[in-house]
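Novice: quick one, fold the following:
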Amino acid sequence: MPKAKLSDPGVRDRLIAALREVQAEKRAVHVIHFKDRWLVLNERSPGRRKSFENRDGAVEHARGVARDRQFDLVVHGRDGSVQQVESVR
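Specialist: Purely as a prediction, here's the structure:
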């Protein structure tokens, strides 16, 4: 059986479809600390963010966004490390 080549149209199309599917799976809302504020960032819309004075308010808001959009919630600590991950999917 001959090996499939990337130059073959069917192989290339299947590879692109698989890569898009993997990319689509990466959906999360992040809570991060930045300059004495807590930010809620959406992985799918990086330009959109909301700022909070405290972590609890940011997590509560992010949890609602994640639930509505069926995204994962990733909460980072002040040092940037991942402290909590919640999956609603």
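
Novice: Ala58 - that's part of a strand, no?
Specialist: No - counting by DSSP: H, G, I helix; E, B strand; the rest coil, Ala58 is not part of a strand but helix.

Novice: that one contacts Leu41, doesn't it?
Specialist: No - the pair Ala58 / Leu41 is not scored as a contact, 10.0 Å apart, by CB atoms under 8 Å. In short, each C-beta sits where N, CA and C put it, glycine included.

Novice: the two: who's more crowded?
Specialist: Ranked by neighbour count (other CB atoms under 10 Å), Ala58 and Leu41 place Ala58 first, with 22 against 19.

Novice: let me know the distance separating Asn54 from Arg48.
Specialist: The gap separating Asn54 from Arg48 is 20 Å, by CB to CB, to the nearest Å.

Novice: measure stretch 28-41 end to end?
Specialist: Using CA to CA, to the nearest Å, one end of stretch 28-41 lies 9 Å from the other.

Novice: residue boundaries of the strands in this protein?
Specialist: Using DSSP state E, the strands found in the chain span residues 28-34, 37-42, 45-52, 72-76, 82-87.

Novice: need those strands in TSV with mean pLDDT and distance to Gly64, can you?
Specialist: As requested, the strands of the chain are exported to TSV (pLDDT from 0 to 100; distance: least, CB to CB, whole Å):
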stretch	mean pLDDT	distance to Gly64
strand 28-34	91	9
strand 37-42	93	10
strand 45-52	84	11
strand 72-76	92	10
strand 82-87	91	12
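
Novice: tabulate those (CSV), appending distance to Pro9.
Specialist: Formatted as CSV, those follow (distance: least, CB to CB, whole Å):
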stretch, distance to Pro9
strand 28-34, 34
strand 37-42, 35
strand 45-52, 33
strand 72-76, 35
strand 82-87, 36
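
Novice: so for Arg63, which of those sits nearest?
Specialist: Closest to Arg63 of the strands of the chain is strand 72-76 (CB to CB; 5.7 Å).

Novice: each with direction, which strands does that closest one pair with?
Specialist: strand 28-34 (parallel), strand 82-87 (antiparallel) (DSSP bridges).

Novice: quick one: the most centrally placed residue in the chain and Ser81, what's the gap?
Specialist: Nearest to the geometric centre of the chain sits Ala28, at 2.7 Å (CA atoms, centre = their mean). Computed as CB to CB, the Ala28 to Ser81 distance reads 15 Å.
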